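Novice: need the 3D shape of this:
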Amino acid sequence: MSPTPNLSAVLDHIETELPQDLSRLMDLLRIPSISTDPAHAADCDSAADWLVAELQSLGATAAKHPTPGHPMVVGHLPGDGPRMLFYGHYDVQPVDPLDLWDKPPFEPELQDTPKGQVIRGRGACDDKGQLLTFVNACRAWLAHHDSLPIEVVFFFEGEEESGSPSLIPFLEANKDLLKADLALICDTGLFDDRAPSIITSLRGLAGIEITLTGADRDLHSGAFGGPAANPIRILSQILAGLHDETGRVTLPGFYDGAPVISDEQLASWEALGFDAKGFLGDVDLSELAGEAGYSALEMLWSRPTCEFNGITGGYTGAGFKTVLPSQASAKVSFRLVGQQDPHAILASLRSYVEAALPPDVTVEFTDHGAGPASHMAMTHPAFDLAREALTEEWEVPAAFTGAGGSIPVAGYFQTILGLDSLLAGFGKSDDGLHSPNEKYDVESFRKGTRSWARFLAKLAET
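Specialist: Got it, this is the predicted structure:
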């Protein structure tokens with residue numbers, strides 16, 4: 001292990017090689033690796049092959065591992081320090097609606113914008129550009145050192161955007177191959193688009209679809225309106241009852257396991273200076289909704305939610321059709337925190353709905369996944385080293401933050417591999433993840449690579 005890593009040479013190398021690094025990213029972005037569409041199975045295979053070759057060019061041993069779905073890529077690069085697992089995913093979201101793209105989504109290009117130069121194309125941020133920041137940092141380090149200051153296991157998935165159906169079986173079958181001291185995940189973003197962030201908690205997620213059925217067919221509202229049960233009205237009453245007037249969820253046992261956040265933690269979040277008005281203003285809103293008595297960051301990072309993601313029933317086409325629908329359905333999701341049990345919460349919801357049904361109305365439930373919240377122990381010294389490295393690169397104090405969303409793989413790493421995850425990414429809120437015209441700032445790509453290089457240097461000095 002080198003006590004005096006040549007960081008300046010590595011950073012200079014990153015600057016010099018930026019055009020080549022961008023060119024490699026463009027090559028990967030041209031592969032339409034849409035995991036949800038069977039028509040793109042060969043493209044997902046091609047993206048996996050591309051990554052195997054990329055890792056081999058670093059001197060890593062790498063291979064494509066078949067699964068019932070799309071392949072996993074696993075590579076190994078020896079080093080002089082602790083063993084770390086770096087995770088990313090090479091699959092991307094579908095591009096629909098295609099007519100909202102300004103350019104073909106798989107013909108990436110550099111574009112100048114009022115905020116700086118960006119990489120435009122599907123997967124630029126989520127997750128191909130972010131994935132390559134770490135790979136590029138390893139490449140630059142090895143150009144000036146004999147070995148890395150850590151042993152790296154690269155793990156790239158091809159089904160993250162389609163629910164990761166092969167992930168759990170693969171993790172369970174390959175624990176020895178993937179064993180490490182810590183996982184690194186680069187699939188997140190900057191805090192408030194300006195400050196580097198290390199995410200230490202992720203909300204869990206549970207989803208369910210509720211379908212109510214009344215009559216055996218749609219009914220004429222003039223002939224049956226009044227005497228006949230209307231599933232839309234009944235479903236609306238059920239959904240409305242899931243929150244009280246303060247926005248608090250009414251399900252029995254819902255808040256079991258939800259933590260009380262310490263005054264010290266709340267003070268640290270307050271010190272971040274989050275602009276809640278600006279956050280809402282960016283999407284043309286002005287006032288905090290949700291659970292009364294909590295700040296925006298508390299709601300996002302430490303409070304659970306019950307949300308309605310879609311409601312259907314009756315005639316929704318052009319014009320008007322006066323019917324009482326036979327069926328009505330709603331998709332309901334829960335973001336969970338602390339030790340909340342997603343399966344217990346879904347069971348509570350089922351009981352609540354069944355108890356609220358009038359005669360002649362039946363219910364069918366369709367589950368859409370359930371995963372608990374994740375919390376990182378932060379006992380590994382890499383957390384503090386990463387915060388130092390990010391602060392030095394971005395010249396803004398890096399913060400330990402929560403995340404309102406869910407990254408299920410971090411939870412699976414904990415429960416199956418026994419690994420905490422260090423989540424640090426460089427995306428911005430306007431990157432358009434899952435949307436038309438997705439982009440990744442060149443600054444994020446460049447400084448992200450430099451951030452990982454600084455992290456490697458910190459590890460080399462310990």
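
Novice: what residue of the chain is the furthest out?
Specialist: Here the centre of the chain is the reference, and by Cα atoms, centre = their mean the most remote residue is residue 223, at 49.3 Å.

Novice: quick one, strands of the stretch 101-250 of the chain?
Specialist: Under the criterion DSSP state E, counting those that start in this stretch, the stretch 101-250 of the chain carries strands at the ranges 109-113, 116-120, 151-157, 182-185, 197-202, 204-213, 219-220.

Novice: which residues touch the nearest residue to residue 36 once chain neighbours are set aside?
Specialist: When the adjacent residues along the chain are set aside, residue 36 lies closest to residue 162, with 4.3 Å between them (Cβ to Cβ, 6 or more residues apart in numbering). (C-beta placed from N, C-alpha, C; glycine too.) By Cβ atoms under 8 Å, 6 or more residues apart in numbering, the contact list for residue 162 reads 35-36, 69, 91.

Novice: just the ones of these in helices?
Specialist: Taking DSSP state H as the definition of helices, those contribute nothing to them.

Novice: just these now: which is nearest residue 343?
Specialist: Distances from residue 343 to those, taken as Cβ to Cβ, are shortest for residue 69 (24.5 Å).

Novice: give the burial count for the closest one, as a bare number.
Specialist: A count of neighbours around residue 69, defined by other Cβ atoms under 10 Å, yields 20.

Novice: that one touches residue 159, doesn't it?
Specialist: Yes. If you go by Cβ atoms under 8 Å, residue 69 and residue 159 touch, sitting 5.1 Å apart.

Novice: what do these two both touch?
Specialist: Common neighbours of residue 69 and residue 159, counting by Cβ under 8 Å, 6+ apart, are 35, 165-166.

Novice: list only buried entries from those residues.
Specialist: With burial judged by 16 or more other Cβ atoms under 10 Å, the buried subset of the shared contacts of residue 69 and residue 159 is 35, 166.

Novice: with distance to residue 240 and pLDDT added, can I get the shared contacts of residue 69 and residue 159 in JSON lines?
Specialist: Converted to JSON lines, these look like this (distance: Cβ to Cβ, whole Å; pLDDT from 0 to 100):
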{"residue": "35", "distance to residue 240": "37", "pLDDT": "98"}
{"residue": "165", "distance to residue 240": "35", "pLDDT": "94"}
{"residue": "166", "distance to residue 240": "39", "pLDDT": "97"}
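
Novice: out of the shared contacts of residue 69 and residue 159, which is nearest to residue 106?
Specialist: residue 35 (14.3 Å).

Novice: just checking, next helix/strand downstream of the host helix or strand of residue 412?
Specialist: Following DSSP states H and E, the helix or strand that holds residue 412 is helix 408-412. Where DSSP H and E defines the elements, the next helix or strand beyond helix 408-412 is strand 421-424.

Novice: which elements pack onto that next one?
Specialist: Contacting strand 421-424 under the criterion 3 or more Cβ pairs under 8 Å, 6 or more residues apart in numbering; DSSP states H and E are the following elements: strand 182-185, strand 197-202, helix 382-394, helix 408-412.

Novice: what is the burial count for residue 329?
Specialist: Residues within reach of residue 329, counting by other Cβ under 10 Å, total 20.

Novice: quick one: it and residue 309 touch, right?
Specialist: No. If you go by Cβ under 8 Å, residue 329 and residue 309 don't touch, sitting 11.3 Å apart.

Novice: what about the one helix or strand residue 51 maps to, average pLDDT?
Specialist: Assigned by DSSP H and E, residue 51 belongs to helix 41-57. In this model, helix 41-57 has an average pLDDT of 98.

Novice: and it, what's buried?
Specialist: The neighbour-count check on helix 41-57 (16+ other Cβ under 10 Å) flags 43-48, 50-52, 54-55 as buried.
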